[in-house]
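[1] structure for this input, please:
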Amino acid sequence: MATETVHTYCRICLCSCGVSVDVDRNTNRVLKIAPDKENPYTWRDFCSRGRTSNQLVEHPQRILRPMKRVGDGYVETTYDDAVGEISAGLNRIIDRHGPDAVASYFGNPAVFSTANAVFFPGLLDAIGTGNRYWFGSIDTNNLHVVGEEMFGTPIVILTMDIEECDYFLLVGTNPAVSGMNWAHNSPAGWSRIQRRRSGGANVIVVDPRRTRTADDADQHLRVRSGQDWALLLGLVKVILDNGWDRPATVPERGRDELRKLVAALDLARLAQQCAIDVEVIMDVARGFAKARTAMCFSATGVSQTVHGTLGEWLATVLNAVCGRLDAPGGRRFERGYVDTIRILEMVAPGSEHVSRLAQRPAIAGYHSLGELPDEILTPGPGQVRAMLLNAGNPVVTGPDGARLDEALATLELFVSFDLVQRESHRHAHWLIPGLHWLERDDINIAFGGIQEEPFVQFGAHAVDAPEGLKPEWEVMTDLCLAMGRNLFGKPGVNGFVRASRWLARRTGRASLAFGPHMVEAMLLRMGRRITAKQVRAHPHGWRFAQKRYGDLASAVRTDDGRVHLDVPIFIDEVRRLLDEAPPAAPPDRPFVLGNRRHKDQMNSHLVELPGLHTRRRHNVLEIHPDDAAALGISEGDRVMVSSDVARIELPATITDKVSPGLVATHHGWGSRVFDPTTGQATQVHGANRNLLIHGDHVDRFSQTSGLNDTFVSVERAEA
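    Now for the predicted structure:
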């Protein structure tokens, strides 16, 4: 056995753990995946998801050739036939109904591949469609809306400066389970925060559920689900009313307007809204303002509510008025190794597309997943008739999956790019295989600005891809050539691609053909900080510079170059909400459904791995003892959870981790993987809690679904 160890990094989640992969070169099989302890930055978050990654490479239902639906099954075909038929179908639909008749969904796994993340939008630009949907409307859109309104660009990401922080206010996040990352990465963040706490730092956790993180914090605030914004506004009020704010660390506008706003607000009313005592709000405000350094960090617990944008805005305002923006111990801007903002301004200007039915604007270029079923099922000009689904499982991860599944079954053309046939692909006409991260090389251009420190690593492939398997980006490029529509929507690009391919064949130098390696090298040259050659020279990863403060000002793109604190649409929304009574559950749905994450899963796209189900094979519904007693529910009973759109059945577990009136269960469960050759599905693990979420239950600003604040009923299930 010829064993080789490859040093690379895991591309499942933003932790991006450095890993050492032992490979048997004789059989091209992974023998072991372990943390790379020579990696200077990321390996300490290593988990079972990374350890079992090779199970997907070797999955018995893995798709290894393009597959075409014939009747109720699929047959393998060639790439030439697949590209020919798909391109003809796309052109036919575009010519008859316009480019918006082709919709797309961009899944979370695709963003971990520069090739996929660049070439899939390039295909959509060639088609000219504005009907684009993505994972951001499930959890991150509020960041982009707040970025646009406050910083003038939707892609400003603020990282954490943990080692300098004395006061952590963590809102809607559970890093003890999910890692200290969301749209940024703080490697081993929770253990580092705990070390700071041992040295005297304060950790305050805001969450309606008592999480593992809350158990290890100094204080836990059981906020009313979905009302984090009222608590944060109360903190801002106390600080500004008492003159505890600090000078701006970044040029800003609007602090005086905020001072006027909060002066007119009643703190007792805000306390009632969020269910946190006035004295507690005042004490936390004092602690945050008076600490030497501090930061407020809000995450998916906030974003996945219908007021998530207000919550993110007020968290950023709180940091700003206390001098915690781009300052030691606060939320810091890392410029990374490329100027991502400048590049996107050049190649991907903001979309002005408005959805046909809901008349909503695109957020960061993409529409809300909750709108997609109606866009497919509602006849009329612009009706979606074709779908390109890239590394996603929206039937499980998004709202009202039953209706989306119904809609996908009606499409004229449905193409899926993925390694296996998942729940969302069961109606696809074409299954196009993909590469696993263990089989591809990556320098992820988008990830430089999300690291807490200046860090980069070359994602080397560990095993060779199956013979004859093309990377997705190449198939996407081939589709553009076959359709006669220029990749990236830029004139002349297809001619350049053909010429480069001819030159590569003529010279025998494959690297001369246009591909992701050229894009990566070009963008790194534009960044003027590092080169592709330098990145490859550091197989364990490279801290290429010292972190610094003060770069946020150069990233601001507002018309006056200042951070805008006084966003009119958010201020008007605050006033509107405070004119209403605090939310009350309807009599027939008295519980709020909360969301949870299982440490061994990443949303829904690893549900097929048996190595991740050694301890638990179903998700459970947490319910408070008082609520369980009133309903006659005992530990382990099967319960029916119902909303206005669906019902699911789960086993109950009785715990005071949830407050009375709150029930919670894990997301990402209830998905199947299919065998295209037989049509058989694998065993289903658990139930899909997102079936209960109505597609119209969204944040009006970010269009994010209210996965964390939907009202449901609970009852014992019949035997």
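[2] which one's the longest helix in the protein?
    Determined from DSSP state H, the single longest helix within the chain is helix 79-97.
[3] using the three-state scheme, assign residue 289.
    helix (DSSP: H, G, I helix; E, B strand; the rest coil).
[4] okay, and the closest residue to it other than its chain neighbours sits in which element?
    Nearest residue to residue 289 in three dimensions, chain neighbours excluded: residue 244, at 3.7 Å (C-beta to C-beta, 6 or more residues apart in numbering). For glycine as for every other residue, the C-beta is placed from the backbone atoms N, C-alpha and C. Element membership for residue 244, per DSSP states H and E: none, as it lies in no helix or strand.
[5] hmm, residue 244 is touching residue 282, no?
    No: with contacts counted by C-beta atoms under 8 Å, residue 244 stays clear of residue 282, the gap being 10.7 Å.
[6] which residues do the two both contact?
    Shared contacts of residue 244 and residue 282, defined by C-beta atoms under 8 Å, 6 or more residues apart in numbering, are found at residue 238.
[7] neighbour count for these two, which is higher?
    Remark: of residue 244 and residue 282, residue 282 carries more neighbours, 19 against 15, as counted by other C-beta atoms under 10 Å.
[8] so the more buried one is in contact with residue 237, correct?
    No: the pair residue 282 / residue 237 is not scored as a contact, 9.8 Å apart, by C-beta under 8 Å.
[9] between those two, which contacts overlap?
    residue 267.
[10] which SS class is residue 257?
    Strictly by three-state DSSP, residue 257 counts as helix.
[11] mind listing what it touches?
    With contact taken as C-beta under 8 Å, 6+ apart, residue 257 is in contact with 565, 566, 571.
[12] for residue 567, see how far away it is.
    10 Å (C-beta to C-beta, to the nearest Å).
[13] got it, and residue 506?
    Taken as C-beta to C-beta, the span from residue 506 to residue 567 is 57 Å.
[14] tell me which of those two has more neighbours.
    Comparing residue 506 with residue 567 by other C-beta under 10 Å, the one with more neighbours is residue 567, at 22 against 9.
[15] my read is that that one contacts residue 314, right?
    No: counting by C-beta under 8 Å, residue 567 does not reach residue 314; the two are 10.4 Å apart.
[16] lowest average confidence, helix or strand, in this structure?
    helix 340-347 (a mean of 70; mean pLDDT, DSSP states H and E).
[17] ok, then the element right after that helix?
    Using DSSP H and E, the first helix or strand after helix 340-347 is helix 372-377.
[18] buried set for that next one?
    Neighbour counts over helix 372-377 (16 or more other C-beta atoms under 10 Å) mark 372, 373, 374, 375, 376 as buried.
[19] contacts for that helix, please.
    For helix 372-377, contacts defined as C-beta under 8 Å, 6+ apart pick out 103, 105, 131, 133, 355-358, 383-385, 387, 394, 400, 403-404, 406-408, 410-411, 695.
[20] please enumerate the helices of the stretch 51-200 of the chain.
    With DSSP state H, counting those that start in this stretch as the criterion, the stretch 51-200 of the chain has helices at 54-57, 79-97, 114-127, 136-139, 141-151, 175-178, 189-198.
[21] checking the residue lying closest to residue 246 once chain neighbours are set aside next. Helix, strand or coil?
    Leaving aside its chain neighbours, residue 246 sits nearest to residue 323 (3.4 Å; criterion: C-beta to C-beta, 6+ apart). Using three-state DSSP, the structure places residue 323 in coil.
[22] contacting residues for residue 323?
    245, 246, 247, 248, 249, 330.
[23] out of those residues, give me the one that has the most neighbours.
    Among the contacts of residue 323, the one with the most neighbours (other C-beta under 10 Å) is residue 330, at 24 neighbours.
[24] wait, that residue sits on residue 293?
    Yes: in this structure residue 330 lies within contact range of residue 293 using C-beta under 8 Å: 6.5 Å.
[25] anything in contact with each of these two?
    Contacts common to residue 330 and residue 293, judged by C-beta under 8 Å, 6+ apart, are 161, 165, 324.
[26] returning to that earlier point: tell me which residues touch the residue nearest to residue 289, please.
    238, 285, 286, 289, 290, 322.
[27] any idea which element the second one lies in?
    Of the helices and strands defined by DSSP H and E, residue 285 is found in helix 278-290.
[28] list the buried residues of that helix.
    Here helix 278-290 shows 281, 282, 284, 285, 287, 288, 289 as buried, counting by 16+ other C-beta under 10 Å.
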